[in-house]
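Undergrad: Structure for this input, please:
(2 chains)
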Amino acid sequence: MAVNPLSGFTHRRRRGAELFLIVLSLLVGIGAYAAVGLGVEGTIPANIVGYGAWLAVLVVACHIVVRMTAPYADPVLLPVVAALNGLGLATIYRIDLAELAQNEDANTFSTDQLIWMTLGVALFVAVLVLLRDHRRLQAFTYTSGLAAIVLLLLPLMPVLGTEINGARIWINIGPMSFQPGEIAKVLLVIFFAGYLVLHRDALALAGRRVIGIDLPRGRDLGPILVMWMVSLGILVFQRDLGSSLLFFGLFLVMLYVATERPGWLVVGGTLFAAGAYVGYLLFSHVEARVGAWLDPFGSEYDSYQIVQGMYGQAWGGLVGRGFGQGDPTLIPFSYSDFIVAAIGEELGLTGVMALILLYGLIVERGLRTALVCRDAFGKLVATGLAVVFALQVFVVVGGVTKLIPLTGLTTPFLSYGGSSLVANWAIIALLLRISDQARRPLPELSGPTEDDATQVVMIR
Amino acid sequence: MNKPIRTMAIGCLALFLALLVNSTYLQYLQADDLNSRNDNKRVRDAEFSRERGAILVRGNSVAESVPVDDQFEFQRRYPQPLKFAHLSGFYSYTYGRNAVELTQNDILSGSDPRLFVNRVVDMFGNTQPKGGDVSLTIDPQAQTAAFEGLRDLGGPGIKGSVVALDPSTGAILAMASSPSYDPNALSSHKLSEISDAWKQLNNDPNRPMLNRGVQEVFPPGSTFKLVTAAAALSSGQYTPQSMVPGGATLDLPLTDRDLPNDSGGSCGGERVTLTTALEVSCNVAFGHLGMEIGDDALREQAEKFGFGDRYLDDLNGQAESRFPTDPDEPQLAYSAIGQFDVAATPLQMAMVSAGIANGGTVMKPYLVDEIRSPNLDVLDKANPEPYREAVSSSVARDLTQMMIEVVDNGTGATAQIPGTKVAGKTGTAQTSADQNPYAWFVSFAPADDPEVAVAVLIEDAGVSRDAISGSGLAAPIAKRVMEAVMNQ
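TA: Residues are numbered from 1 along each chain as shown, chains lettered A, B, ... in the order given. This is a model prediction of the structure:
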């Protein structure tokens, strides 16, 4: 009898439950699409069958691949992601219709987003099919680190990089623009995990003890200082507050989890606070964001976007205006960074709470995977992915709802944006792979038993 | 490694809880504040495309929404723009709202809690919600008399105001201010037209959008002698027959200047009765009275009539009438005859008159009479309420008698109405040497059973300095308004 030594019971596969939840998630996605058509034009969109079929094919394909390659994987992650992605598509379609109503030549995004989702699903399948054991990634620790740094540097290259809305985080490949930071996020998690698994003992050595907290030794501060400078570099050269916060926070948390020393959080938190404060003093773009956050109705800083977002959400109220009854075109970038505000307007507080809970479920499932995972590398990767996801949701939703200063990050699975969508599908694939390993029953131990007593072998 | 992972899980839980709480704050608790902000285009657009309720005067609308074929579907129209502009106000896409359009916006736009049932019915019936109607206390004939009275003085250049009250309820029967403006121009759907009209109105030195009835204070001049007389009679030391100084000049302490009478001569003797002093509007007598009873008693009496307070809820931008704090003796003498730093709105002076007419009780003025749902059910009706007890009924009786004498035998003769006893008081307030004086008249009628109290102020009628007087310019308009009310 195979028994999980950690929890004392065997995880069931639960693929049937996953399929049931997937049907529900498709109801959300396709239902939202139909509701947009009804709300805006009074009829169900003409292409609902084709659209719905395509969405169903993508999601069911994921389910089948999971069934075949990761049968013990967590059953909740995929349906939640499918629901979020479906809702995001419907919302972007809604905003497209609103833009088209004002200007027949407006850019539309919903078709592109569906293509990106298809690519994301392809990557999801590729990860699950090609990567049968997440521990193999440990061999690529430094390759991942190097690749991440190259990706982060790419937007700074003269021809390749472009600056959009003040942040230099995009590269142009042919007609498409791409945000390499989103992919770098995943690679950094792998790099940190691999590095920390090897060096955690050295980093865990305590140095001085100050007010009950073990602070690390000075000579071990090297990696955290390097990461700190990389984050500051992103802030200074790419003017991207959100990514800077995201990467540094991710590193800190993984360091803490690997070493089990809260002292790292103190050191890192202090470093970050100092860096952020100096950034606030030195750089006008940081100051402008903080100023617009502190006094959105003042005239000193440009706070049009955040104020319109707040108006939209307030107008939505508890249950929202309903799809088609709001005015998402008033909020700049309502199809990307501010999609939560557009959802808040048309689906109300109820809709926004549902979103936050769905995101919370993803994070919870990721951390649960880390808890039951049997190897340190897997634990670290799962924690890193879950935390980076939580941080990103907090930074972007908190920014849009004026909990914290606004920073430019995409809303996972909702915002228009290819790189983000593809990278997030890859994150989910990795989490499913690790959770499959973690929940799979231990292989039968084929050691000697009493019945198999040593046989006397005649050799002659 | 599981312990720090659990700690992180709690950390993430805290982050998500913070998001949930903050969203609730934003979309539920803070939502009303955000929705009522003036620059919130969303709310404005929604309001603009809703059928807004009408502002009614005796069943006829002075502001109404009519269907049009553009993105907002309804256009605000003002059928009698100039006559009612300062009461209805405007409803502008760019510049917000004013007057009743502003103060009754919740009803007119349909978002008032009293219209909740209608909204629910509309929601289930899937019909566009409509706003409720607001019915004003205005008497159309009185309003016309006030408006035309000002206009007939000589065209749109006239600056002045007329306010008429029902003394027993405080209902505003007429409120006209000149020059007026056309709110239709500000409520247009063509944004450039709105901003042109707005600029033009704001650059006009005569300030046509100013409601002179409530939004500006003027020195009340001799009409303030009613307040001084009320204080004197209330002190118990004076009766209408008390003898007061009536010479040509009053010697002012602390200065070598004297206070003369308007006429330059005496008030009919070295000593005259208080009644005679009011009849001929004797500066010497009232300057002396003011110094005798003191600034505290005068201020207290003024405040009992409403000075230093805002009491009208139905119009925005109300100015406070004032009596100076801590004047010295000469300043007090001038204050007692409504000069120096005394200033009052025409509404305030109408309230002085109405308070005396109503046996000493000043009623709280109001303009909105009824609130009606879109299907014409009366949701709310104004309830007249006493504002302050300004003087006792015996003092009110004495003052009434003295004011009747003013009209019958004194400066107010131009307000006489055959067959009806009229009580009144004229005023001519000096401002500065290079500016024309203000002409005032306050009155009520019939004196024995008052139906209407009026205050008329002419700030500038474009006539020469010596043609300006309360009896010449203001009293005939007051007479016209009183007649309009009584002839119904």
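Undergrad: Need the pLDDT of residue 403.
TA: Unless you meant another one, I'm taking chain A. pLDDT recorded at A:Leu403 is 93.
Undergrad: wrong chain, I was asking about chain B
TA: We have a pLDDT of 92 for B:Met403.
Undergrad: Measure how buried it is and give me the count.
TA: Using other CB atoms under 10 Å in any protein chain shown, B:Met403 is surrounded by 29 other residues. All C-beta atoms are positioned from the backbone trio N, CA, C, and that covers glycine.
Undergrad: can you check the one 4 residues further on too?
TA: Neighbourhood size, B:Val407 [other CB under 10 Å]: 28.
Undergrad: can you pull the contacts of it?
TA: Going by CB atoms under 8 Å, 6 or more residues apart in numbering or on different chains, B:Val407 touches B:Ala413, B:Ala415, B:Gln416, B:Val422, B:Ala423, B:Gly424, B:Ser443.
Undergrad: Could you measure from A:Lys357 over to chain B?
TA: Heads up, residue A:357 is Leu, not Lys. 8 Å (CB to the nearest CB, to the nearest Å).
Undergrad: That residue is in what secondary structure piece?
TA: helix A:339-372 (DSSP states H and E).
Undergrad: what packs against that helix?
TA: helix A:77-102, helix A:304-316, helix A:376-400, helix A:418-439, helix B:2-24 (3 or more CB pairs under 8 Å, 6 or more residues apart in numbering or on different chains; DSSP states H and E).
Undergrad: quick one, which of the ones you listed is nearest to B:Ser281?
TA: For these, the distance to B:Ser281 is smallest for helix A:304-316, at 58.1 Å, taking CB to CB.
Undergrad: Would you mark the buried spots in the closest one?
TA: Within helix A:304-316, the residues that count as buried by 16 or more other CB atoms under 10 Å in any protein chain shown are A:Gln305, A:Ile306, A:Val307, A:Gln308, A:Gly309, A:Met310, A:Tyr311, A:Gly312, A:Gln313, A:Ala314, A:Trp315, A:Gly316.
Undergrad: Tell me who's in contact with B:Val463.
TA: B:Val463 is in contact with B:Gly154, B:Leu473, counting by CB under 8 Å, 6+ apart.
Undergrad: For it, which three-state class applies?
TA: Secondary structure of B:Val463, reduced to three states by DSSP: H, G, I helix; E, B strand; the rest coil: coil.
Undergrad: Just give me the residue right at the centre of chain B.
TA: Central residue of chain B (CA atoms, centre = their mean): B:Val214, 3.3 Å from the mean position.
Undergrad: tilt between the helix holding A:Leu357 and helix A:418-439?
TA: 30 degrees (axes from the mean of the first three to the mean of the last three CA atoms, to 10 degrees).
Undergrad: Would you mark the buried spots in helix A:339-372?
TA: Buried residues in helix A:339-372, counted by 16+ other CB under 10 Å: A:339-349, A:351-356, A:358-372.
Undergrad: from the chain's centre, how far out does that helix sit?
TA: How far helix A:339-372 lies from its chain's middle: 12 Å, per CA atoms, centre = their mean, to the nearest Å.
Undergrad: what is the rounded mean pLDDT of that helix?
TA: The average pLDDT within helix A:339-372 is 95.
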